[in-house]
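> after the sequence you'll find the predicted model.
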Amino acid sequence: MTPQTADGKVLWHFTMSLDGFVAGPGHGMDWMAGATFRPGLVDEYVATTGAVLGGRDGWDAFPDAESVYGGAFRGPVFVLTHHPEDAAPADRVTFLDCDPAEAVRIALDAAGGRNVEVLSPTIGRQLLALGLVDEIDLHVVPVLLGDGIRLYDNPGGTPVCLRRLGSDDPAAAVDVRFRPAPPAG
């Protein structure tokens, strides 16, 4: 896979289970324990990310800007919420009560030419519908959760066609093949 670049883009970025969940029930993330990522991946995203845009549900589950990329990310974090008045203040965190397009504009300004990472399924879906997502970057972990928070949940909506980057055939399916393994631990 081609490394991420800092091009001032809006990047909807998640680690996801094979069945499409980005968090377990209650925003649980324990399913990621033991996942192996390619060397340098976190450093790549820390270097190319200028700001993070998330939602209130995720923030309330993990209210710590110091935890973004294990504390390596030191830039601004924006949390889009309808109720900023009841959010506890936090260093480097700005609570926004505006429409998603305005939140992206604010985050892009703060990102200083680097990328804005969208770390919210709900906000990502809204930005995708507005045509404001430049790339979707997923890291698929070989686990089936069966329940939790989906990356893209839009019942009754129309399919969104995507083009695969870095391929001779950008419409080609991605082939993955796994074998059931005993539970970890």
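It's in.
> ok, longest helix in the chain?
helix 100-111 (DSSP state H).
> check which residues of that one are buried.
The neighbour-count check on helix 100-111 (16 or more other CB atoms under 10 Å) flags 100, 103-104, 106-108, 110-111 as buried. Using the backbone N, CA and C atoms, a C-beta is placed for each residue, glycine as well.
> quick one: contacts of it?
Here helix 100-111 makes contact (CB atoms under 8 Å, 6 or more residues apart in numbering) with 8, 10, 49-53, 75-76, 78, 80, 94, 96, 98, 116, 123, 126-127, 130, 132.
> what's the answer for stretch 35-54, then?
Contacts for stretch 35-54 (CB under 8 Å, 6+ apart): 1, 3-6, 8, 11, 13, 15, 68-70, 72-73, 75-80, 103-104, 107-108, 110-120, 123, 139, 141, 143.
> which of those fall in strands?
When the contacts of stretch 35-54 are checked against strands (DSSP state E), the matches are 11, 13, 15, 77-80, 115-118, 139, 141.
> got those residues as TSV, with distance to residue 89 and neighbour count columns?
Compiled in TSV, the ones in strands among the contacts of stretch 35-54 are given as follows (distance: CB to CB, whole Å; neighbours: other CB atoms under 10 Å):
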residue	distance to residue 89	neighbour count
11	27	22
13	26	21
15	28	18
77	12	24
78	14	25
79	11	26
80	16	27
115	26	27
116	22	30
117	22	29
118	22	31
139	31	14
141	33	18
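> which member of those residues is positioned nearest residue 86?
residue 79 (12.1 Å; CB to CB).
> ok, that closest one - contacts?
54-56, 59, 87, 93-96.
> where does the prediction get shaky in the chain?
1, 184-185 (pLDDT under 70).
> helices along that one, start to end?
41-48, 56-61, 100-111, 121-129.
> can you list the ones you listed in TSV and add distance to residue 34?
Formatted as TSV, the helices of the chain follow (distance: least, CB to CB, whole Å):
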stretch	distance to residue 34
helix 41-48	15
helix 56-61	21
helix 100-111	32
helix 121-129	23
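> now stretch 158-178: how far from the chain's centre is it?
Centroid separation between stretch 158-178 and its chain, computed with CA atoms, centre = their mean, to the nearest Å, is 19 Å.
> for stretch 53-62, same thing?
Counting by CA atoms, centre = their mean, stretch 53-62 comes out at 11 Å from the chain centroid.
> also stretch 151-160?
17 Å.
> before we move on, what about stretch 171-183?
The answer for stretch 171-183 is 21 Å, by CA atoms, centre = their mean.
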